[in-house]
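Colleague: Need a 3D model of the sequence below.
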Amino acid sequence: MTAAALVSSAAGQADARQVGPLVRLFPHWQDYLDLPADERSHFTLAYVIASTRGVPAEDINIWYESGGIETGLALDSTGQVLNPPDLDTLASDPVAWINQPQGGMSVSLSFQANLEVDSEIARLDTLLALEQANRAMRSVGGVASLFAPSFKTLIFVFDGPAPDAWAVTADGQRTPLIVQESQAIYRPNDRDLREVDHLVFGRPPARILIES
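Modeller: Have a look, this model is predicted:
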């Protein structure tokens with residue numbers, strides 16, 4: 001997972017507002033970090049912080065103090081957090097602050113494949129991402145997970161319109177993937193895609209969502 005750190009001064013935020021414990025911004029993140037490394041190598045949890053008032057992500061500042069050091073949450077252009085806290089930080093139970101007014105923000109959680117994004121991705125890696133995400137859902141969700149749909153789909157999200165994308169067999173036969181606007185959709189266990197060896201894209205995706 002990409003990580004970046006920004007340091008900001010709470011004193012310099014004229015409209016700084018206390019959000020509450022940092023852990024509230026990252027539901028299930030500790031459960032994820034508690035998994036053995038080999039059970040979360042191919043998937044991750046992603047958190048997007050957004051303004052309900054239309055404020056761009058680059059103008060949203062969120063920070064916390066741990067061990068006497070102020071650290072800002074780094075957001076990409078979509079609001080996805082690039083530097084979620086580690087276990088030690090969560091254990092210190094820091095308070096988060098934001099430069100947005102009460103009721104002015106939202107936090108959403110998604111499952112994402114944790115793969116090296118490239119113009120060619122092995123089918124085995126996509127299968128491992130789905131398998132690990134489903135296993136983690138059952139482990140964390142308990143009985144409730146029995147009523148949740150299983151993950152079967154990978155959605156490759158691109159910056160701008162999606163390029164051509166293909167599922168390729170070991171002998172070179174190509175099947176075009178479904179492309180919709182900025183996304184290419186792949187279900188590795190579909191009957192006509194089970195012999196696929198790897199995926200090929202016109203350019204690397206920005207992220208890979210895991211969905212039902």
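
Colleague: hey, where'd the helices end up in the chain?
Modeller: With DSSP state H as the criterion, the chain has helices at 29-34, 87-91, 123-141.

Colleague: For those helices, give me TSV that also has mean neighbour count.
Modeller: For the C-beta atoms, the positions are set from N, CA and C on the backbone; glycine is no exception. What follows is the helices of the chain, written out as TSV (neighbours: other CB atoms under 10 Å):
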stretch	mean neighbour count
helix 29-34	15
helix 87-91	13
helix 123-141	18
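
Colleague: Which among those helices is found nearest to S106?
Modeller: Among the helices of the chain, helix 29-34 comes nearest to S106, with 16.8 Å by CB to CB.

Colleague: And the average pLDDT for the closest one is what?
Modeller: Averaged across helix 29-34, the pLDDT comes to 94.

Colleague: And the contacts of stretch 92-105?
Modeller: Contacts to stretch 92-105, defined as CB atoms under 8 Å, 6 or more residues apart in numbering, come from residues 10, 13, 15-25, 49-53, 55, 60-67.

Colleague: Return a PyMOL selection command for the buried portion of those residues.
Modeller: A single PyMOL command selects the buried members of the contacts of stretch 92-105 (16 or more other CB atoms under 10 Å):
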select buried, resi 16+19+22+23+25+49+50+51+55+60+61+62+63+64+66
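
Colleague: Which of the contacts of stretch 92-105 fall in strands?
Modeller: Applying DSSP state E to these, the entries found in strands are 17-21, 49-51, 62-66.

Colleague: and the gap between the residue located most distally from the centre of the chain and V179?
Modeller: The outermost residue of the chain, judged against the average C-alpha position, is D171 (33.1 Å), by CA atoms, centre = their mean. Distance, D171 to V179, using CB to CB, to the nearest Å: 24 Å.

Colleague: Please apply the same query to I121.
Modeller: Distance from I121 to V179, by CB to CB: 15 Å.

Colleague: So these two - more neighbours on which side?
Modeller: Per other CB atoms under 10 Å, whichever of I121 and V179 has more neighbours is I121, with 23 against 18.

Colleague: Point to the residue nearest the middle of the chain.
Modeller: Residue closest to the average C-alpha location in the chain (CA atoms, centre = their mean): A46, at 2.6 Å.

Colleague: Distance check, it against I121.
Modeller: A46 is 18 Å from I121, where distance means CB to CB.

Colleague: Check A136 too.
Modeller: 21 Å.

Colleague: same check, this time on P161
Modeller: P161 is 19 Å from I121, where distance means CB to CB.

Colleague: and G79, how many neighbours?
Modeller: Applying other CB under 10 Å, we find 21 residues neighbouring G79.

Colleague: where does it land on pLDDT?
Modeller: pLDDT, G79: 97.

Colleague: quick one, what contacts it?
Modeller: 48-50, 57, 60.

Colleague: How about T126?
Modeller: Here T126 is in contact with 113, 115, 154, 186, 188, 199 (criterion: CB under 8 Å, 6+ apart).
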